[in-house]
Structures are given as C-alpha cells and as structure tokens.
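Student: Sequence first, predicted coordinates after that:
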Amino acid sequence: MLILFSFFIVTILSILFYKGYKNTKLVLFNNVFINSKVNTQVDGNPFRVLHISDMHLENISISPSHLYSILEDQSIDLIALTGDFLDRKRTIPKLLPYLKVLNELNPKHGTFAVFGNHDYVLRHPDFIKLKQVLDQNGCKTLINENDVLWNNGRKINIIGIDDFSTNRSNVDKSYEGLTDGYNLVLTHDPNIVLSMEDVPYDYLLSGHFHGGQIHWPKPYHLIKMGKLVRLNMIKGLHSHQGKSFYISEGLGQTGVNIRFGSRPEISLHHLTLI
C-alpha cells in the first residue's frame, strides 16, 4: 500500500513538473498602450519600446531563434533590458546569441540595459565582463546614469536607476543634468516607485517578481520582496500617485525551471509622447 501511494505521489509530481516546465515555453507577447495622461490606445505614431526583463540564462526555455521569430515583424524604436541576465560566470557566452537577435531587430534608437540583483551575484571581475559583453554588442548600460535622445523633435530622457533591492539605487545621480523632456525610467526592482513620489517620471519599466513564477494559489514566497507585493502589484501595468509603471513577468526563470500561474513575457510599449 505504501509503495502504491508513493508511486501515485511521484506520478502526480512528475506531471506537475512537466506542465510547469511546458509553461516556460509559452511566451506571452503583450502590447501595452500608454498615454502620459490616459492609459489607452490613441491615434498617431507612438514611440515603441520593446521590454525584456529577467532573462535568467541559467534557466531559460526560449531560444534565440524562437525570440527572433516572435519579434521579427515588429517595428521597434528602442529596446529596454531591465536586469537579471544571469548569475554565473560560465553563462556569460550564452548571452551573445540573444544580443545578436536584438541587434537584428534594428531598433531605431538602440538598446539600453540596467542590472538586477542576480547580476550582482557575480564577482566584480566577472560583473565587469558581463557589462563589457553588453556594451560591446549593441547595448548601452546605465548604472545610475541617463542618456538623451530625440524622436521626431521630441526629447526623451532614458534614465537607468541601479538595483533597488541591493541598495545600489541613486535616483539623484540617475537624473543628474536632466531638465525637460519625456522621462522613461529603466530599473530592475519596481519597489523603487514608492520612494519616487516627488521624482518626475512619465513611465517606468521594471521586472524582478517573475509574475510570481509559481503563482498558485498565491505567490506567498514573494512576501519578503517589498511593499508592492503586499499591494498585489507583481506584474503588468500599475499606477502610483498618478504615474504609470510596468512590471514584466520576465523571460527566464530562477531556481526551478517551472512556472505556474505565470508565463514568460515580452512586451511592446506604445508610448504617446505628449
């Protein structure tokens, strides 16, 4: 009887694990339409930002070719990568074919990247190597820095705030030298929005929570990951004090390579620069 029961438990767990692993291959492609005043689709030519977060290349089920097949027909103005690429030195070469795909998408204004808590697990020389690989393959990395670009006569400030969860964020430094313009913030941990009540931004892109990754029945394991979790803000589009921000479910997984109640995500944000 005990052997039969054990067999039954193992079978159920195997089925669940298989289903969870299969979910890691089912990519969500979300179009998000943003107006700085009203979150709705509007007429005109929006500024299109492709957002990818939390690749976690040690546990990713989306191949570079699969990624390209999803995105090859998209018109993209800018690519935003919001951290947690990997956390092991030996995984760094695995990043190269993904960066090649992003370059082949030919974003009008290039690719910008910030780092997450897992990236900082690397020892300093290895972290520098990761940064160099990004910088040398089409990405501009921002560590509490900003860059300014112009699109159809409109100034856009790309503001990269370093990881909040590991106390590396410096908002003042990130905004240094900026005046007017549309403020697009890239950061890893969305909890920082609760510390930016008096900081001007039009839109913020982040990741970190993986949509819970195992979001069944509820993502109780996220409770220590900040106040936003307690406010039930762990994925998708949200607003705090009238300012919109987006939390990606991430493209890869961490820990066990399974997902329940969440899916790997790529999002294309259509921003109306008014």
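Tutor: That came in fine, so what should we check first?

Student: Name the residues of stretch 118-133 that come out as buried.
Tutor: 118-120, 122, 126-127, 130-131, 133 (16 or more other CB atoms under 10 Å). The C-beta positions use only the backbone N, C-alpha and C, and glycine is treated the same way.

Student: So which of those are in helices?
Tutor: Of the positions in these, 126-127, 130-131, 133 sit in helices, assigned by DSSP state H.

Student: sorry, back to before: can I get the buried residues of stretch 118-133 in CSV including pLDDT and distance to Tyr98?
Tutor: Shown next, in CSV, are those (pLDDT from 0 to 100; distance: CB to CB, whole Å):
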residue, pLDDT, distance to Tyr98
His118, 97, 16
Asp119, 98, 15
Tyr120, 98, 20
Leu122, 97, 17
Asp126, 98, 18
Phe127, 98, 18
Leu130, 98, 13
Lys131, 98, 16
Val133, 98, 11
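
Student: From the residues you listed, pick the one nearest Pro93.
Tutor: Nearest to Pro93 among the buried residues of stretch 118-133 is Val133, at 8.3 Å by CB to CB.

Student: For Ser267, see how far away the closest one is.
Tutor: 24 Å (CB to CB, to the nearest Å).

Student: Please apply the same query to Leu50.
Tutor: As judged by CB to CB, Leu50 and Ser267 stand 8 Å apart.

Student: Please apply the same query to Gly250.
Tutor: From Gly250 to Ser267 the distance is 11 Å (CB to CB).

Student: neighbour-wise, which of the two wins?
Tutor: For the pair Gly250 and Ser267, the greater number of neighbours falls to Gly250 (30 against 21), based on other CB atoms under 10 Å.

Student: Kindly state the pLDDT recorded for the more buried one?
Tutor: You'll see Gly250 listed with a pLDDT of 96.

Student: burial count for the closest residue to Leu71 other than its chain neighbours?
Tutor: Excluding the flanking residues, the one nearest Leu71 by CB to CB, 6 or more residues apart in numbering is Leu105, at 5.7 Å. By the measure other CB under 10 Å, the count of residues near Leu105 is 17.

Student: In contact with Leu105, which residues?
Tutor: 50, 68, 71-72, 74, 76, 79 (CB atoms under 8 Å, 6 or more residues apart in numbering).

Student: Same question for Leu222.
Tutor: 209, 212, 229, 234.

Student: Would you confirm that the third one belongs to a helix?
Tutor: Yes: Val229: assigned to a helix according to DSSP: H, G, I helix; E, B strand; the rest coil.
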